[in-house]
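Undergrad: got a sequence here, can you model it:
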Amino acid sequence: MNKKKTAIFGCGSISQTHIAALDALGISQITALCDTDKSRLDAALKKCPGAVGYTDYKELLTKADVDVVHVCSPHYLHADMAIAAMERGCDVYLEKPCAMNCAEAEKIVHASEICGKKVCVSFQNRLINTTLTAKEIINSGEMGKLLGAKCFVAWHRSGKYYTESGWRGKFATEGGGVLMNQAIHTLDLLYYFLGEPESVKGHASLNRNVIITDVEDTAEAFIHFKNGATAIFYATNCNVVNSDVEIELYFEKGSLLVRNESLYCVTADGMTEICKNENLLDGKSYWGNGHMRMIGNFYSALDGKDCYFCDIKDSVPVLKIIAEIYKNSDIRPDII
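TA: Numbering: from 1, shown residues only. Now for the predicted structure:
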């Protein structure tokens, strides 16, 4: 594999996972970093010997020698940064959500086609052990037809979480709340497991007055898929703790349950653990270890190998699901 020259836009907490993954994989030289916060930028530069720091991503694209850009910035910057990088000849690894809404996402798709550049969206939970094994079982047909699914995300976010960032908690800069920032990974796995949705009925609301925000902290939905399967989905940031995400897939011969970072097979004979997720490389526990796999696959694909990664086109359906939930909600962005 040819060693790529990489730039990272945004030096917040998620960028540390990217830096650790690139370092562990040895597939890239980080040549440039960008953040408007000088203290964050300086801290990240200490972990990337030889990298040059910038506070303006447009200046970086003009001056730095870069092949791949990792966009780890606040949501409202994702589309502009990704498109600008491609127009300068760079491929893009893009943190979720790929954009603030479907219209922005389609602009990224269009730029990718025009510029002839690849975009990988970081739905890294597609590549953790529990997901890979569940996908293999679904594809094998060994448990019979996939009938439906149940998903619960019950996390906690304090008022400080929304106010300290300067961009969270506002549709104009975050694009949404629990749907766009936390539960989007779980909704993406529903799409990954069950395929294209046919219809979505749901509702999003803001329940806790202690949070100074205009985005939702709770959402629920009933999703009917084109293959006939259905799913119920519930997500909230109002729990007093961060509980483990639960996904249960129902088949003719039993069910698969993802809980506590493990995958279980449930049949009439009982419940058996099939596999566990590996230890986290760096970052928060619920980020999983999929970043390293997704990043590694993407760079292999850039080197001409046939490796799976979540292409920008394959990341749009989850935004469409979220948009449908907002349509029927009391709380919603102006543009969906």
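
Undergrad: for the residue of the chain most remote from its centre, give its distance to residue 227.
TA: Going by CA atoms, centre = their mean, the residue of the chain most distant from its centre is residue 269, 35.5 Å out. Using CB to CB, to the nearest Å, one obtains 27 Å as the distance from residue 269 to residue 227. Every residue, glycine included, has its C-beta placed from N, CA and C.

Undergrad: in the sheet, who's paired with residue 150?
TA: Bridge pairing for residue 150 (DSSP bridges) gives the partners residue 232, residue 248.

Undergrad: buried residues, the helix or strand of the chain with the lowest mean pLDDT. List them.
TA: Using mean pLDDT, DSSP states H and E, the weakest-scoring helix or strand in the chain turns out to be helix 159-163, at a mean of 84. By neighbour count on 16 or more other CB atoms under 10 Å, the buried set for helix 159-163 is residue 162.

Undergrad: show me what that helix is packed up against.
TA: On a contact count with 3 or more CB pairs under 8 Å, 6 or more residues apart in numbering; DSSP states H and E, helix 159-163 meets no helix or strand.

Undergrad: quick one, domains of the protein?
TA: 4-124, 126-285+312-327 (automatic domain parsing).

Undergrad: so which residues of the stretch 151-300 of the chain form helices?
TA: Taking DSSP state H, counting those that start in this stretch to define them, one finds helices in the stretch 151-300 of the chain at 159-163, 171-174, 184-194, 290-302.

Undergrad: just give me how far the first one sits from the chain centre.
TA: Okay, so that is helix 159-163. In terms of CA atoms, centre = their mean, to the nearest Å, the centre of helix 159-163 is set 21 Å apart from its chain centre.

Undergrad: what's the answer for the last one, then?
TA: The gap between the average C-alpha position of helix 290-302 and the chain average comes to 14 Å, counting by CA atoms, centre = their mean.

Undergrad: which stretches of this protein form strands?
TA: 4-9, 28-34, 52-54, 68-71, 91-94, 119-121, 146-154, 197-205, 218-225, 230-236, 246-251, 254-259, 262-267, 270-276 (DSSP state E).

Undergrad: switch the ones you listed over to TSV; also include mean neighbour count.
TA: Below are the strands of the chain laid out as TSV (neighbours: other CB atoms under 10 Å):
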stretch	mean neighbour count
strand 4-9	24
strand 28-34	23
strand 52-54	18
strand 68-71	28
strand 91-94	26
strand 119-121	28
strand 146-154	20
strand 197-205	17
strand 218-225	20
strand 230-236	21
strand 246-251	21
strand 254-259	20
strand 262-267	18
strand 270-276	12
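
Undergrad: nearest to residue 44, out of those strands?
TA: strand 28-34 (5.2 Å; CB to CB).

Undergrad: partner strands of that closest one, with direction?
TA: strand 4-9 (parallel), strand 52-54 (parallel).

Undergrad: tilt between that strand and helix 290-302?
TA: Relative orientation of strand 28-34 versus helix 290-302 (axes from the mean of the first three to the mean of the last three CA atoms, to 10 degrees): 110 degrees.

Undergrad: chain center to strand 28-34, what's the gap?
TA: Per CA atoms, centre = their mean, the centroid offset for strand 28-34 relative to its chain is 22 Å.

Undergrad: can you give the contact residues for it?
TA: For strand 28-34, the external contacting residues (CB atoms under 8 Å, 6 or more residues apart in numbering) are 3-11, 19, 22, 41, 44-45, 48, 50-57, 60, 64-66, 68, 299.

Undergrad: pLDDT on that strand, on average?
TA: Mean pLDDT, strand 28-34: 98.

Undergrad: residue 65: neighbour count?
TA: Residues lying near residue 65 (other CB atoms under 10 Å) number 10.

Undergrad: how about the contacts made by the closest residue to it other than its chain neighbours?
TA: Sequence neighbours aside, residue 5 is the residue nearest to residue 65 in space, at 5.5 Å (criterion: CB to CB, 6 or more residues apart in numbering). By CB under 8 Å, 6+ apart, residue 5 lies in contact with 28, 29, 31, 65, 66, 67, 68.

Undergrad: now the two most distant members of those residues.
TA: Those two in the contacts of residue 5 that are separated most widely, counting by CB to CB, are 28 and 65, at 12.6 Å.

Undergrad: check what contacts stretch 200-220 and list those residues.
TA: Here stretch 200-220 makes contact (CB under 8 Å, 6+ apart) with 157-159, 162-163, 168-171, 174, 176-180, 183, 221-224, 232-238, 321, 324-326, 328-332.
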